[in-house]
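Engineer: coords please:
(one chain, ligands or ions: 2)
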Amino acid sequence: MNAAPRLEGVSPSLFDGLFGLFSRDIGIDLGTANTLVHVRGRGIVIAEPSVVAKDQRTGAVLAIGAEAKRMVGRTPASIVAIRPLKDGVISDFDITEQMLNYFIRKVHGERALLYPRPRVIVGIPSGVTEVEKRAVQDAAISAGARWARLVEEPMAAAIGAGLPVNEPTGSMIVDIGGGTTEVAVTSLGGIVISRSIRIGGDEMDSDIVQYARREFNLLMGERTAEDIKIAIGSAYPLDEEVSTYFRGRDLLTGLPRSIEVTSAQIREAIEPSIESIVEAIKQTIEETPPELIADVMDQGIYLAGGGALLRGLDTRVAEATQMAVHVAEDPLTCVVRGCGMIVEDLVKYERSLVMETYSSNSRYLLRMASFGRARRNQSGVLRPFALLVLVSLLLLLARNTDVVRGSSTFLTQLLVPVQRVLADVGAAGDRFASAISQIDRLRDDNARLLTENDRLTLENVRLREQAIAGQQAERLLTLQRTVPFESIPALVIARDPTGILHTIVLGIGTDDGVKVGHVVLSDQGLVGRVSEVGTNYSKVLLVTDSSSVVSALVQGSRATGIVRGQFGDSLIMDWLLQTEPVKEGDVVITAGLGIGDELRSLYPKGLVIGTIAQIQTAQAAAYNRAIVTPAVDLRRLEHVLVVKTN
Ligand SMILES: Nc1ncnc2c1ncn2[C@@H]1O[C@H](COP(=O)(O)OP(=O)(O)OP(=O)(O)O)[C@@H](O)[C@H]1O
Ligand SMILES: [Mg+2]
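Structural biologist: Ligands and ions are numbered 1, 2, ... in the order given. The predicted model follows:
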């Protein structure tokens, strides 16, 4: 029977388990790009950008996380976005403290009365200084943590990726985050060798920004660059190269412009960053002791962090190192899941944590003192409880045992049932704990499926948009064949966002033969005409602009009139003879006649302008006025045809 040897281990872990059941312990990945929070028993509850919005004039923090990222660019210029952990180091400590505080309170605050204060494990970049480490610890304590310990990110990533860190075998993890790439080899619970470079996803984004400027004179934001990287970026030639559009501001004309780029071009753009990452991995391998390298060769290299999602990076690293390379499951959450696993089994991972450092810092000493108090309180609760269990067991025994047999046999006999009961209780506790961890796993699975669902929904939307764009382009080709003039298709690259100016900008200009006055059509009808033209852009005045005048005809009748734009999205048709039978729903087309005496119409005959929505009858006049709804949805136009009418 193996109950006896278990006895010693059971009681403390049982009590710890009981206490732990009620404590919502927290693991935090304090990343340069994203901060993630894992709560014991609930899984990953927060995944937000590590961004703080601050008012530069007053210094006040206005928002943190996702909300801060949303605010930036939509608010007065005095509000700036701060990424307090730029380049993998804490560049602004006060802000980092506030951010940490916000996230801990967000998960603990709502239940502060129900649960004991949480234990917190924070994953930090391995480059931070001793002072910064202690500061992060202090920040967690002041945000309500019962105690806080730190773990270096690559270690947490290795644990989260499921590598056997505690075994006497070498495992290699590469965590490619936003600001840094950290390469580490772990063994026996510690990091044997590591290398950290300040190059990660952010650097790839700025590579793309520079490439756009250098190759196309195009000014592009980092956010746009990141979108492009995620959409078509790669580190190794793709089976099928794809393309997208660079959208930005032309540095020469100052106007918006879009240029098609291929995945091969993006690969060329980010090559310097990829090269540095591969180089860091190779150097770490060179420095690793030969015994451990043999293990790494058996097991393969594991990639984690958002950068691991870059297409073909695994193949690229595999080719450069001649080793097998695996992308960890759900690489963006490896570090936080690792922190979560540590919090759940502190004994197992104790060696993986950053060593506690002591100092004369008064705040720190204060904290140590209060920690001591907290511990005393804890045993103050547990000691009577343990005593109670023991006394009741003794009473039970006294009833059932023949007491008068000599004290030594009595004691041995006394101990057997106690052992058995405690072992049973221990086993039940273990079963309970494993059920809890099963629930945890299910929650994790659920969260993963939800994210996957979000991703697929987005993908679906994107594909639908592509399909619509394809249909539009196809219909435009059909239209092109029916127009009796030479015409060229064009892409709408900008529109007046307020909707007040009634203009759009096309991506073609005099270089393509566009002139002022050319008529612009969509597959649904008349759009407007070119009012201004540069070498590679042209501005179109829409029919809805109040300065636009078109001579028009109601289809199927002889009623003519003049269609004008007005403030808003509808058109007005004037001078409709009351004697003509015109009704709502009739289609209005261009008449192709002159306006007034000497003016020739700018528009050829027969183009659809819109449908009559309402007829306003004037009492004492011979003419009616009609409100016309434009046939073209001018706010959602993407492909048009420029007709060379002169
Ligand atoms: N599908 C993808 N392809 C390429 N890069 C991606 C993809 N998804 C995310 N990234 C990049 O991953 C980076 C963020 O990764 P992660 O959240 O692991 O960083 P972090 O942990 O906040 O940073 P660090 O570890 O440096 O502190 C960003 O640069 C982002 O652009
Ligand atoms: Mg990270």
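
Engineer: what is the mean pLDDT for the helix or strand that contains V335?
Structural biologist: Under DSSP states H and E, the secondary-structure element containing V335 is helix 334-344. Averaging pLDDT along helix 334-344 yields 94.

Engineer: do stretch 231-246 as well
Structural biologist: Per-residue pLDDT over stretch 231-246 has a mean of 93.

Engineer: can you tell me the distance between the two ends of it?
Structural biologist: Across stretch 231-246, the straight-line distance between its terminal residues is 12 Å, by CA to CA, to the nearest Å.

Engineer: in the helix or strand just after the helix holding V335, what counts as buried?
Structural biologist: With elements assigned by DSSP H and E, the helix or strand that comes after helix 334-344 is helix 346-349. Within helix 346-349, the residues that qualify as buried by neighbour count (16 or more other CB atoms under 10 Å) are Y349. Quick note: C-beta positions are derived from backbone N, CA and C, even for glycine.

Engineer: circling back: give me the contact list for the helix holding V335.
Structural biologist: Taking CB atoms under 8 Å, 6 or more residues apart in numbering as the criterion, the residues outside helix 334-344 that touch it are 25-29, 31, 36-38, 40, 43-44, 47, 119-123, 151, 153, 155-161, 175, 304-305, 328, 330, 349, 352-353, 437, 444.

Engineer: buried ones only from those, please, as a PyMOL command.
Structural biologist: Here is the PyMOL command that picks out the buried ones among the contacts of helix 334-344, judged by 16+ other CB under 10 Å:
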select buried, resi 25+26+27+28+29+31+36+37+38+40+43+44+47+119+120+121+122+123+151+153+155+156+157+158+159+160+161+175+304+305+328+330+349+352+353+444
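
Engineer: show me what the host helix or strand of D138 is packed against.
Structural biologist: In this assignment (DSSP H and E), D138 forms part of helix 130-142. Applying 3 or more CB pairs under 8 Å, 6 or more residues apart in numbering; DSSP states H and E, one finds that helix 130-142 contacts helix 93-108, strand 119-124, strand 147-152, helix 362-400.

Engineer: and the next helix or strand past the helix or strand where A184 lies?
Structural biologist: Assigning secondary structure by DSSP H and E places A184 in strand 181-187. From strand 181-187 onward toward the C-terminus, using DSSP H and E, the following helix or strand is strand 190-197.

Engineer: chain center to that following strand: distance?
Structural biologist: Its chain's C-alpha centre lies 27 Å from the corresponding centre of strand 190-197 when counted by CA atoms, centre = their mean, to the nearest Å.

Engineer: what's the angle between it and strand 147-152?
Structural biologist: Relative orientation of strand 190-197 and strand 147-152, computed by axes from the mean of the first three to the mean of the last three CA atoms, to 10 degrees: 70 degrees.

Engineer: identify each buried residue in the helix or strand that comes right after strand 190-197, please.
Structural biologist: Downstream of strand 190-197, the first helix or strand assigned by DSSP H and E is helix 201-216. Of the residues in helix 201-216, those scored as buried under the neighbour-count criterion (16+ other CB under 10 Å) are G201, D202, E203, M204, D205, D207, I208, V209, Y211, A212, F216.

Engineer: P237: neighbour count?
Structural biologist: Applying other CB atoms under 10 Å, we find 12 other residues in the vicinity of P237.

Engineer: excluding its backbone neighbours, what's nearest the closest residue to ligand 1 within the stretch 1-150 of the chain?
Structural biologist: When scored by CB to the nearest ligand atom, the stretch 1-150 of the chain has G31 as its residue closest to ligand 1, at 2.3 Å. Computed as CB to CB, 6 or more residues apart in numbering, the closest residue to G31 that is not its neighbour in sequence is G177, at 5.5 Å.

Engineer: just list the residues touching that neighbour, thanks.
Structural biologist: Neighbouring residues of G177 by CB under 8 Å, 6+ apart: G31, T32, A33, G88, P125, E153, G200, G201, G305, G306, G307.

Engineer: quick one: least confident of those?
Structural biologist: Lowest pLDDT of the contacts of G177: G88, 65.

Engineer: what is the end-to-end distance of stretch 135-155?
Structural biologist: Using CA to CA, the span of stretch 135-155 from its first residue to its last is 20 Å.

Engineer: again with stretch 85-95
Structural biologist: For stretch 85-95, the separation between the terminal residues is 9 Å (CA to CA).

Engineer: the strand holding A184 packs against which elements?
Structural biologist: Counting contacts by 3+ CB pairs under 8 Å, 6+ apart, the secondary-structure elements packed against strand 181-187 are helix 153-160, strand 171-176, strand 190-197, helix 263-287, helix 290-299.

Engineer: just want the angle from the last one to strand 171-176.
Structural biologist: Same thing as helix 290-299. 70 degrees.

Engineer: next structured bit after helix 290-299?
Structural biologist: For helix 290-299, the succeeding helix or strand toward the C-terminus, using DSSP H and E, is strand 301-304.

Engineer: buried residues in the helix or strand just after that next one, which are they?
Structural biologist: Following the chain from strand 301-304 toward its C-terminal end, the next helix or strand by DSSP H and E is helix 313-321. For helix 313-321, burial by neighbour count (16+ other CB under 10 Å) applies to L313, D314, R316, V317, A318, A320, T321.

Engineer: if I look at the fifth one, how far off is ligand 1?
Structural biologist: In other words, A318. In this structure, A318 lies at 18 Å from ligand 1, with CB to the nearest ligand atom, to the nearest Å as the measure.

Engineer: grab the nearest non-local neighbour of that residue.
Structural biologist: V325 (4.3 Å).

Engineer: again with the second one
Structural biologist: Nearest residue to D314, sequence neighbours excluded (CB to CB, 6+ apart): V325, at 4.4 Å.

Engineer: cool, and the first one?
Structural biologist: Counting by CB to CB, 6+ apart, the nearest residue to L313 once its immediate chain neighbours are dropped is A235, at 4.3 Å.

Engineer: please name the residues that touch the one you found.
Structural biologist: With contacts defined as CB under 8 Å, 6+ apart, the neighbours of A235 are R267, I270, I274, L310, R311, G312, L313, T315, R316.

Engineer: and A328, by the same measure?
Structural biologist: When contacts are counted by CB under 8 Å, 6+ apart, A328 touches A157, G160, A161, G162, I173, Y302, L303, A304, A308, C334.

Engineer: next, give me the two most distant ones among those.
Structural biologist: Across the contacts of A328, the two members that end up farthest from each other (CB to CB) are G162 and A308, 14.3 Å apart.
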